[in-house]
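Asker: I'll drop the sequence and a predicted model, then ask my questions.
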Amino acid sequence: MGLALLFSLTFLFSQVPARAVFAHFMVSNTEGYTVADWEAEMTLAIDARIDAFALNITADQSVNTASVANAFPAAENVGFYLFFSFDYAGNGPWAKADVIDLIQSYDSPDVYYHHNSQPFVSTFEGPANAADWVDIKAETGCFFAPDWSSLGAMEAMQQADGIASQSLRAVPRLPGAISSTTINVTPASSLGDQTCVEGWGDGNFLGLCEKSCSWGYCPMSACVCSKLGLPPTVPKDTGVQGYPIAGEDASYSGLCSFDCNHGYCPTTACGTVEVPLTIPTVSDFAPPACTAGEGSGDLVNLCGFACGLGFCPIQACNCTATGALDLASVVNASITAHLTSGGGGDDYGLCDFACQRGNCYDECEEGDSWSASDEISFSDDDTRFWCQIVSPCDYDLNITTMADLDLQAANMDDECILYHMLTVLYYLIDEVVANYTEIITHNNYNNTLKYYRKYVENNITSSLDSVMYWAPAGPGLAYFDCIVEYRGKNETETSCPNYSATGVFSIYYEPLNTTAFEAMLLADYGIQPSWIQYGKKVDDFLCTGTSAGAPSCHSSQITWYGIPEDADNVVITDPRVVVEQALPNLEGLQANILAVQMQMLLGAWPGVTDDVVQSVSLAVELLLQAVSSMQEVVTIGKEEEAWERKEMIEEILGAIFLVVPFLGEVDAISDAFVDFSEIATIVGDTTILGDSIYEIAKDPKNSFMTILTTLLLVGQRPAEEYETMAAARRDISDETIETLGPVFREKNTQVENLVKDCAVA
């Protein structure tokens, strides 16, 4: 299993009350496991607050009988639970009789996990054998929760007349998921009709997962589904049976079998000949663990040993390298030990770890040591030394705002301030989402957008008039010749303007280079080609007032043909679309905050916490400034003539340019930037085009974009990336910060004042 995998599962579920926490355990990886081996794995799971192992068991594997026979006594010995998850994909379907036999043989409520007094059973795939479960449920009385994800949710639930048990409550939300403030968008099709159509995997699983997920088969044990849609067209079966190649393990079995049978069989992972599989010592999907570290004083040897094996408590050691977890076997799990110096000072579990693995350094002596259970078991008069130990941080403090942290910071160690600052930033993201959602549904904001559209359309009209103006000659005339029709006759085609006629006459514009003309409109005026049409317009010029009797004044009526004018339907990007597309990406930002905090709690964070604060705070401060600008739009929009005020346009565009980087994808950022920079050009808003806000969205290589595009990538960010982002943050000048708006400046000052002394924490 590995400690890192257990901890990652704890991270996912630690904030969900009254829910059982399970971890999948691949039985195929347990060749030679004794009862003691199983007990060691289960003890780690208990320490990580895991309730049961889902024994992922593949049909007809030689390891099954002996390993399962050792697993259940071990679980009974340590007070742990197990249940079966029958894998129908890795080695083909299970025989119904074998499934019944296994469930009945091991169904003891003392060790087999029960739900509603029924033995809990799951599967991985196997929808073609759904009918078997009618008899299996009748024979065993099991509570059945299959994973037939390759079919999509609705079709899976309909298998064998809904044989899957229906009384489980909905799966609880993971921490960091945005709540009722999330913007809902109605999908094109029902979720029940959808299945996975796009996905990916890590490392050598990437190609296999990309193919299988695109064909609707995206096993969550190896792949990540990134897009749902209507069931795709799956290539016909080729009959080719795929197997993992030599050196790989059973995690590849199901994917190789499926992909090779449908025409994709990469030689880097799969072959057509069955070979003995490797039993990995580290999960293919385990995150990088600490592989080297250092300490000082009495902890030099202990940190060097323990950090190399993935245990590197941040309070005592500094992790200097990460990689695949190499966890040495436990020689004697019952040994307890503590430092010999300082009256048994806090070693953060290092002596226990080293001595239990047969490496009890001179700095340690065997004897009672502190454990998590002692925290709640000691009495007021307990004289054991660990009862005197006080953690440097109180992680139970209810700190959710900058004011809360400011009030408590004077009594905190630097590392504690940084930890709680991340919590404050997490809640500020919730505040941003709530405020955005309220603003974009506000009547004043929606009314303001009508004025915004009217303002932009009016500027398109006036720009086209000036481009084609005759006196003085507008720049657009150079792209046309003119033909004058006067008294029923066409004159010779000449350059424009042509003043050869008076009175009532017509002008026909003959384009010389339409492409070049439209390119000029886009570059100089921000007018898109789809916003114009070449039509007909009539202008009356009358001699009035003092000019009525002047010999030089001639009343006239001119009919223009082929003149550029507004299209009948000018499609202007709604700013709300950008906000709606950006908000879901903030979930990943919150998940990254929680991931770092969890590693800090476990003493496994190898980086500088201030780097994380510097990176995340910049993103949050930009979002808060954008919210402030949009709130100002609501205020301005209360006035009926708001569309006539350029300051409202500046607030809208300024807010949107701040949100654009949070679209995440580079192409999406580029497209949105082009759309709104063209609108800024149309309305002649040179203020916003010269502002730092505009420059943030314009240059994908500047410090802001370096930070934001990295922060919003899928998955957990490693310490090295936070170091790069923090360096980019420190490159941003004070002059630039001054231009980003009052809310940004205020929050930036608050953060810097609280953490300025914590850079080395």
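Answerer: Yep, that arrived. Residues are numbered from 1 along each chain as shown.
Asker: CA atoms for contacts and neighbours, from now on please.
Answerer: Noted.
Asker: pull out the buried positions in stretch 466-486.
Answerer: For stretch 466-486, a neighbour-count test (16 or more other C-alpha atoms under 10 Å) marks 467-468, 470, 474, 476-486 as buried.
Asker: taking those residues one by one, which sit in helices?
Answerer: Using DSSP state H, V467 are the members of the buried residues of stretch 466-486 that sit in helices.
Asker: now, the buried residues of stretch 466-486 that are in strands?
Answerer: Using DSSP state E, the subset of these located in strands is 480-486.
Asker: helices of the stretch 151-300 of the chain, residue ranges please.
Answerer: In the stretch 151-300 of the chain, the helices defined using DSSP state H, counting those that start in this stretch lie at 153-157, 206-214, 253-261, 300-307.
Asker: between those helices, which gets nearest to V578?
Answerer: V578 sits nearest to helix 206-214 of all the helices of the stretch 151-300 of the chain, at 27.4 Å, using C-alpha to C-alpha.
Asker: quick one: the closest one to chain centroid distance?
Answerer: Centre-to-centre, helix 206-214 and its host chain are 20 Å apart (C-alpha atoms, centre = their mean, to the nearest Å).
Asker: same question for stretch 462-475.
Answerer: On the basis of C-alpha atoms, centre = their mean, stretch 462-475 sits 49 Å off its chain's mean C-alpha point.
Asker: what mean pLDDT does that stretch get?
Answerer: Across stretch 462-475, pLDDT averages out at 86.
Asker: try stretch 267-286
Answerer: Mean per-residue pLDDT for stretch 267-286: 84.
Asker: which residue is nearest the centroid of this structure?
Answerer: Central residue of the chain (C-alpha atoms, centre = their mean): G588, 3.2 Å from the mean position.
Asker: that one sits in which helix or strand?
Answerer: Assessed by DSSP states H and E, G588 sits inside helix 586-601.
Asker: so what's D396 up against?
Answerer: For D396, the contact set (C-alpha atoms under 8 Å, 6 or more residues apart in numbering) is empty.
Asker: could you verify my assumption that V571 touches I532?
Answerer: No: look at V571 against I532 with C-alpha atoms under 8 Å: they stay out of range, at 10.9 Å.
Asker: low-confidence ranges, the stretch 201-350 of the chain, go.
Answerer: 281-282, 342-345 (pLDDT under 70).
Asker: now with 50, please.
Answerer: Applying pLDDT under 50 to the stretch 201-350 of the chain flags the ranges 343-344.
Asker: can you pull out the strands in it?
Answerer: Ranges of strands in the stretch 201-350 of the chain, per DSSP state E, counting those that start in this stretch, are 224-229, 243-244, 270-271, 289-294, 318-323, 337-339.
Asker: residues in contact with the fifth one?
Answerer: Contacting residues not belonging to strand 318-323 are listed as 288-295, 303, 307, 312, 604-607 [C-alpha under 8 Å, 6+ apart].
Asker: does S67 really touch M26, like I thought?
Answerer: No: look at S67 against M26 with C-alpha under 8 Å: they stay out of range, at 10.9 Å.
Asker: any idea how far stretch 267-286 is from the chain center?
Answerer: Remark: stretch 267-286 is offset 29 Å from the chain centroid, using C-alpha atoms, centre = their mean.
Asker: hmm, I was thinking of stretch 716-736
Answerer: 19 Å.
Asker: thinking again about what came up before, quick one: the helices of the stretch 151-300 of the chain as JSON lines, columns for mean neighbour count and distance to Y33 too.
Answerer: Formatted as JSON lines, the helices of the stretch 151-300 of the chain follow (neighbours: other C-alpha atoms under 10 Å; distance: least, C-alpha to C-alpha, whole Å):
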{"stretch": "helix 153-157", "mean neighbour count": "18", "distance to Y33": "35"}
{"stretch": "helix 206-214", "mean neighbour count": "23", "distance to Y33": "30"}
{"stretch": "helix 253-261", "mean neighbour count": "24", "distance to Y33": "21"}
{"stretch": "helix 300-307", "mean neighbour count": "23", "distance to Y33": "24"}
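Asker: pipe the ones you listed into JSON lines and attach distance to A337 per row.
Answerer: Shown next, in JSON lines, are the helices of the stretch 151-300 of the chain (distance: least, C-alpha to C-alpha, whole Å):
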{"stretch": "helix 153-157", "distance to A337": "52"}
{"stretch": "helix 206-214", "distance to A337": "44"}
{"stretch": "helix 253-261", "distance to A337": "43"}
{"stretch": "helix 300-307", "distance to A337": "12"}
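Asker: nearest to A619 among those would be which one?
Answerer: Among the helices of the stretch 151-300 of the chain, the nearest to A619 by C-alpha to C-alpha is helix 206-214 (30.0 Å).
Asker: so which of the helices of the stretch 151-300 of the chain is nearest V504?
Answerer: Comparing the helices of the stretch 151-300 of the chain by C-alpha to C-alpha, helix 206-214 comes nearest, at 66.1 Å.
Asker: returning to what we had before: need the pLDDT of the residue nearest to the centre of the chain.
Answerer: So G588 comes in at 79 (pLDDT).
Asker: quick check: bridge partners of Y508?
Answerer: I483, Y561 (DSSP bridges).
Asker: wait, it sits on I558?
Answerer: No: counting by C-alpha under 8 Å, Y508 does not reach I558; the two are 10.5 Å apart.
Asker: if you average pLDDT over the helix or strand just after the helix holding G588, what comes out?
Answerer: For helix 586-601, the following helix or strand on the C-terminal side (DSSP H and E) is helix 609-636. Average pLDDT, helix 609-636: 78.
Asker: sorry, back to before: among the contacts of strand 318-323, which pair sits farthest apart?
Answerer: Every pair of the contacts of strand 318-323 checked by C-alpha to C-alpha; the farthest is P288 and G295, at 20.4 Å.
Asker: who's more crowded, those two?
Answerer: G295 (19 against 14; other C-alpha atoms under 10 Å).
Asker: would you confirm that that one contacts P313?
Answerer: No: the criterion here is C-alpha under 8 Å, and G295 misses it with P313 at 10.2 Å.
Asker: quick one: distance of stretch 722-737 to the chain centre.
Answerer: Here stretch 722-737 shows a centroid-to-chain-centroid distance of 23 Å under the convention C-alpha atoms, centre = their mean.
Asker: what about E735, how many neighbours?
Answerer: Neighbourhood size, E735 [other C-alpha under 10 Å]: 9.
Asker: confidence score at it?
Answerer: 79.
Asker: and D566, by the same measure?
Answerer: pLDDT for D566: 88.
Asker: the one 5 residues further on too?
Answerer: At V571, the predicted lDDT confidence score is 76.
Asker: can you tell me which residues contact the nearest residue to it once chain neighbours are set aside?
Answerer: Nearest residue to V571, sequence neighbours excluded (C-alpha to C-alpha, 6 or more residues apart in numbering): W531, at 7.3 Å. Going by C-alpha under 8 Å, 6+ apart, W531 touches 566-567, 569-571.
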